[in-house]
Structures are given as C-alpha cells and as structure tokens.
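Peer 1: any chance you can model this:
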Amino acid sequence: MNRKNDFERGLTMGIKEMVLEKAKGAKKAARILAGVSSAVKNKALMAMADGLVDATEELKRENEKDLKYAQTKGLSSALIDRLALTDKRIDAMASGLREIAALPDPVGEVTRMWRRPNGLQIGKIRVPIGVIGIIYESRPNVTADAVGLCLKSGNAIILRGGSEAINSNVAIAKILMQAATAVGLPEGCIQQIDITDRQAVMEMLKLDEYIDLIVARGGLDLIRTITENSTIPVAKHAAGICHTYVDVGADLEMAEEICFNAKVQRPGVCNAMETMLVHKDVAEEFLPRMIRRFREANVEIRGCPQVRKIVPDVAEATEEDWRTEYLDLILSVRVVKDIDAAIDHIMTYGSNHSDAIVTKDYQRAHKFLKEVDSAAVYVNASTRFTDGNEFGLGAELGISTQKLHSRGPMGLEDLTSQKFIIFGSGQIRE
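Peer 2: Below is the predicted model:
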C-alpha cells in the first residue's frame with residue numbers, strides 16, 4: 001500500500017484502526033510464512049535484491065527528497081550521510097539480501113535431543129518468533145536488511161521508519177513487497193506504517209496480541225519512549241558510546257591506525273569510537289601525533305587535564321562529554337593511570353556496545369575481555385567491525401546491548417525462538 005493511501009486511510013479510519021489492521025494482517029501472514037520452504041524464501045530474497053538494483057534511479061530520486069529535508073532541518077553532515085542512498089549503497093542492500101539467501105535457514109534446526117529413562121525423546125527446535133515490529137530512525141538501508149532477515153527466519157514484519165527517511169523507506173518497502181508476493185510469499189508478510197505521527201508508534205506498542213517483538217533503533221528519546229510504553233518485549237541498544245584503550249607497551253603504529261579508523265571511517269554510526277583512553281606512560285609519545293592526524297581529518301578533540309598538558313590547545317572535556325554519543329567528527333580523550341582505570345571509565349560511562357583494547361600483553365588482553373561487560377569486546381581491532389555482515393551473519397536487524405534474548409548484532413538465529421518437541425511410545429505420567 002502506498003504512502004498516499006495510508007495517509008488517506010489514517011484520516012478516514014483513524015491511526016489506531018489502521019495500525020491494528022496492519023498488525024492483524026501480519027499475524028495472519030506469519031502463520032503461513034512459518035511453513036514456507038527455504039527455497040521459496042530464498043527465491044523471494046533474490047527477487048527483492050534484483051528489484052532494488054533495477055529501481056536504483058527511482059530510489060535515488062526519492063532519497064533526494066529526504067536529503068533536502070534533512071538539510072533544511074540543519075542535520076549534521078554525519079547524520080545526512082546516514083540517510084544517503086548512493087549506487088554503492090543500493091548495490092550493498094541488494095548484496096545483503098543475496099547474502100541472507102545464501103545463509104543456512106535456522107527454522108526447523110534441532111539444536112538438542114536427549115532420551116529420558118522412561119523412553120521419551122525430548123528435543124528443542126528453532127521456530128520463528130512470529131511478528132516483529134521494527135521502529136527505527138535514519139539509515140534507509142535498515143528497511144531492506146530488516147525485511148530480508150525477518151522473512152528468511154520465517155517472521156512477518158511491521159516497519160515503522162522515521163520521518164527523516166520516509167520517502168526512501170516507502171520506495172524500498174514497496175519494491176520488496178511486490179517482489180515477495182510475486183514469488184509466493186503471503187500477502188501481508190511485509191507491512192509498513194508510513195504515517196509519521198508519533199501516535200502510530202504508541203498504538204503499535206500496545207498490540208501484544210499480534211506483535212511478538214519490538215526492535216528499537218534510534219536516539220535515546222525514541223528508545224526511552226518505546227521501552228516505557230511497550231507492552232511487547234523490546235530488543236534495543238540505547239546508544240553507541242564506544243571506547244578504545246591504548247595500553248602501555250602497545251604497538252603505537254597499530255594503535256594509531258585502529259583509533260583513526262574507529263573514529264573517522266564513518267563517524268555517524270553506532271560502532272564508531274566516541275572516547276579514546278590512553279595509558280599515562282605512552283600518552284606523551286602517542287597523543288601529539290594521534291591528535292595531529294585527527295585534526296587533519298577535521299576531528300574536534302576534547303580532552304581531560306592531562307591531555308591538555310600534553311597538547312595545550314585541546315578543548316576541555318566536560319562530564320557530559322564522557323556520556324555523549326557524538327555521531328560526528330568529535331572525540332573525547334582521557335589519560336588513565338592503568339587498565340583498571342580504563343575499565344572503570346568504560347563501565348561508568350559506556351553503553352555496553354563495543355569497546356577495544358590495543359595491547360601486546362596477553363594477561364591484560366584477557367582481563368579486558370573478561371571485565372568489560374559489552375556486547376562486543378575487541379583486542380587489537382577497530383570497533384567498526386560490530387556489524388552483522390562483518391561478523392558473517394549476513395545483515396543484522398539491530399545491535400542489542402541488553403542481555404536477553406539476544407546480545408550484539410541480531411542475525412537470523414536471534415530472530416528465532418525455540419520450542420520443545422517430544423516423541424513418545426505411549427508413556428503416561430504416574
């Protein structure tokens with residue numbers, strides 16, 4: 001259903017009724033989709049990939065409307081970059097769908113089987129969750145990733161993107177819907193709520209009878225609103241305040257490359273480094289050259305008093321800086337006395353997303369892995385790798401920083417549940 005029709009329906013039947021209708025449609029489709037073969041699901045994914053590539057020019061035209069709107073709203077260059085659809089990114093969306101098609105289908109996998117003394121055979125098998133609602137901001141490529149992952153794992157999906165990418169999201173979803181149903185997936189397995197009124201979100205969050213999981217991707221205000229109002233379980237990450245700690249004795253050339261990549265390669269995403277921590281014994285050697293390189297890339301540096309003694313023209317970092325996800329070319333820097341101080345800083349100010357240590361010391365590397373309680377913890381690598389594709393999961397539905405039911409990039413297995421299956425031969429309980 002196109003955006004105009006949804007808008008008109010929202011006026012005539014009310015937002016509540018429209019959202020409920022879509023949720024009911026998704027629930028009905030989910031029952032059918034759960035039994036669709038891997039071959040048909042894969043055929044749909046390949047058709048959706050081809051559809052995106054064929055519609056490249058149309059997608060860029062619709063995306064241009066969103067980019068112009070973002071510019072009039074004064075969004076940062078990093079946030080505008082998150083919105084942009086280029087030929088390369090459209091090809092990447094299509095490639096992501098093809099990669100999902102190539103992955104093993106988790107649905108129907110028997111993960112465990114055992115026999116009881118009474119002869120009962122008991123097992124656990126992967127099954128779809130059912131209906132997944134995703135509420136997200138920016139990054140229109142999320143639309144394709146989310147649909148691909150949900151359909152491959154046998155789940156119907158309800159999409160509710162942000163107003164800043166509405167034209168792009170509508171165009172992408174329309175192509176995916178047409179391709180999916182053309183090859184035999186059930187009508188209604190992909191639903192889109194494209195009324196940007198916040199009431200649509202609030203109505204969606206009440207529909208626990210029809211929606212089994214909400215995935216939340218966006219800013220702190222959106223995440224807070226969802227978690228406080230949802231009667232449905234929520235998978236979320238609240239922020240991506242990622243750290244890199246440069247340890248004493250680290251290979252400083254390696255550290256420089258890792259830190260630069262983590263901050264500069266794409267600053268507007270959740271796995272970019274926001275705070276760099278440096279051991280006091282390497283700070284005087286490392287910081288001047290590292291900060292000089294950052295400045296050549298237009299990174300604004302905000303530092304603690306020790307940093308400002310070494311590089312005097314650095315701006316002062318405030319308490320708020322340590323708690324901020326900049327999503328921009330801004331970096332807070334702190335000198336710490338040892339690894340314990342670095343870990344303490346991360347656990348005090350971090351968001352349990354992705355954190356890294358650069359070190360040559362085996363013991364300290366494992367201490368960092370053990371004590372930093374984040375979804376992804378790195379030794380001698382950039383935090384920019386926290387991504388479903390980079391982890392070999394295909395695309396991802398989001399990065400969960402909570403501990404139940406999924407943690408880290410949410411791939412296909414994370415979009416399934418398990419149920420018990422029991423085989424008997426007439427056993428009754430005494």
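
Peer 1: okay, now the unreliable bits of the chain?
Peer 2: 1-13, 238 (pLDDT under 70).

Peer 1: can you rerun that using 50?
Peer 2: Applying pLDDT under 50 to the chain flags the ranges 1-4, 8, 10-12.

Peer 1: and the gap between C189 and D247?
Peer 2: 49 Å (Cβ to Cβ, to the nearest Å). C-betas here are computed from N, CA, C, even on glycine.

Peer 1: also V335?
Peer 2: 13 Å.

Peer 1: what of V264?
Peer 2: From V264 to D247 the distance is 21 Å (Cβ to Cβ).

Peer 1: compare those two (neighbour count), which wins?
Peer 2: Neighbour totals were compared for V264 and D247, and D247 leads with 26 against 19 (other Cβ atoms under 10 Å).

Peer 1: I'd assumed D361 was in contact with the more buried one.
Peer 2: Yes. With contact defined as Cβ atoms under 8 Å, D247 counts as touching D361 (6.6 Å).

Peer 1: quick one: residues contacting V107.
Peer 2: For V107, the contact set (Cβ atoms under 8 Å, 6 or more residues apart in numbering) comprises 34, 38, 126-128, 153-154, 416.

Peer 1: any chance of the residues you listed in CSV, plus distance to I428, neighbour count and secondary structure?
Peer 2: What follows is those, written out as CSV (distance: Cβ to Cβ, whole Å; neighbours: other Cβ atoms under 10 Å; DSSP: H, G, I helix; E, B strand; the rest coil):
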residue, distance to I428, neighbour count, secondary structure
A34, 30, 17, coil
S38, 37, 16, helix
R126, 29, 20, strand
V127, 27, 18, strand
P128, 32, 24, strand
S153, 36, 27, coil
G154, 34, 27, coil
T416, 32, 20, strand
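
Peer 1: and the furthest pair within the residues you listed?
Peer 2: Farthest-apart pair in the contacts of V107 is S38 and V127; separation 14.2 Å (Cβ to Cβ).

Peer 1: how long is stretch 144-159 from one end to the other?
Peer 2: 10 Å (Cα to Cα, to the nearest Å).

Peer 1: now do the SS call for the residue nearest to V336 when sequence neighbours are not counted.
Peer 2: Take V336 and drop its neighbours on the chain: the residue closest to it by Cβ to Cβ, 6 or more residues apart in numbering is A342, 4.8 Å away. Going by DSSP: H, G, I helix; E, B strand; the rest coil, the secondary structure assigned to A342 is helix.

Peer 1: can you pull out the helices in the stretch 151-300 of the chain?
Peer 2: Applying DSSP state H, counting those that start in this stretch to the stretch 151-300 of the chain gives helices spanning 166-182, 198-204, 220-229, 252-264, 280-296.

Peer 1: so of those, which one's packed in deepest?
Peer 2: Using mean count of other Cβ atoms under 10 Å, the stretch among those with the largest mean neighbour count is helix 166-182, at a mean of 22.

Peer 1: mind listing residues that contact that helix?
Peer 2: Under Cβ under 8 Å, 6+ apart, the answer for helix 166-182 is 2-3, 44, 47-48, 50-52, 55, 58-59, 62-63, 65-66, 83, 85, 93, 140, 143-144, 147, 151, 159, 161, 187, 189-190, 192, 194, 196.

Peer 1: in stretch 152-165, what's buried?
Peer 2: 152-165 (16 or more other Cβ atoms under 10 Å).

Peer 1: from the chain's centre, how far out does that stretch sit?
Peer 2: Distance, stretch centre to chain centre, for stretch 152-165: 12 Å (Cα atoms, centre = their mean, to the nearest Å).

Peer 1: also stretch 201-214?
Peer 2: 20 Å.

Peer 1: repeat that for stretch 101-109.
Peer 2: Using Cα atoms, centre = their mean, the offset of stretch 101-109 from its chain centre is 20 Å.

Peer 1: give me the buried positions along that stretch.
Peer 2: Buried residues in stretch 101-109 (16+ other Cβ under 10 Å): 101, 103, 105-107.

Peer 1: let me see the domain layout of the chain.
Peer 2: Following the assignment in automatic domain parsing, the chain carries domains at 3-237+398-422, 242-385.

Peer 1: pipe those into JSON lines and attach distance to F391 per row.
Peer 2: Below are the domains of the chain laid out as JSON lines (distance: least, Cβ to Cβ, whole Å):
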{"stretch": "domain 3-237+398-422", "distance to F391": "6"}
{"stretch": "domain 242-385", "distance to F391": "7"}
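
Peer 1: how about the strands in the stretch 101-250 of the chain?
Peer 2: In the stretch 101-250 of the chain, strands defined by DSSP state E, counting those that start in this stretch lie at 110-115, 121-128, 131-136, 156-160, 190-192, 213-217, 234-236, 242-246, listed in chain order.

Peer 1: and those strands, which is most packed in?
Peer 2: Highest mean neighbour count among the strands of the stretch 101-250 of the chain (mean count of other Cβ under 10 Å): strand 242-246, with a mean of 28.

Peer 1: what packs against it?
Peer 2: Here strand 242-246 touches helix 252-264, strand 273-279, helix 339-349, strand 354-358, going by 3 or more Cβ pairs under 8 Å, 6 or more residues apart in numbering; DSSP states H and E.

Peer 1: so who does K24 touch?
Peer 2: Y210 are the contacts of K24 under Cβ under 8 Å, 6+ apart.

Peer 1: tell me which element it is part of?
Peer 2: Element membership for K24, per DSSP states H and E: helix 15-33.

Peer 1: need the CA coordinates for that helix. PDB is fine.
Peer 2: Output of helix 15-33 as PDB, limited to C-alpha atoms (Å, rounded to 0.1, in the frame of the first residue of the first chain):
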ATOM      1  CA  ILE A  15      -4.500   5.800  13.100                       C
ATOM      2  CA  LYS A  16      -5.400   3.200  15.800                       C
ATOM      3  CA  GLU A  17      -7.600   1.300  13.400                       C
ATOM      4  CA  MET A  18      -5.100   1.400  10.600                       C
ATOM      5  CA  VAL A  19      -2.200   0.200  12.800                       C
ATOM      6  CA  LEU A  20      -4.400  -2.600  14.200                       C
ATOM      7  CA  GLU A  21      -5.400  -3.700  10.600                       C
ATOM      8  CA  LYS A  22      -1.800  -4.000   9.600                       C
ATOM      9  CA  ALA A  23      -0.900  -5.900  12.800                       C
ATOM     10  CA  LYS A  24      -3.700  -8.400  12.100                       C
ATOM     11  CA  GLY A  25      -2.600  -8.800   8.500                       C
ATOM     12  CA  ALA A  26       1.000  -9.500   9.700                       C
ATOM     13  CA  LYS A  27      -0.300 -12.000  12.300                       C
ATOM     14  CA  LYS A  28      -2.300 -13.900   9.600                       C
ATOM     15  CA  ALA A  29       0.700 -13.900   7.200                       C
ATOM     16  CA  ALA A  30       3.100 -15.100   9.900                       C
ATOM     17  CA  ARG A  31       1.200 -18.300  10.400                       C
ATOM     18  CA  ILE A  32       1.600 -19.100   6.700                       C
ATOM     19  CA  LEU A  33       5.100 -17.800   6.400                       C
END
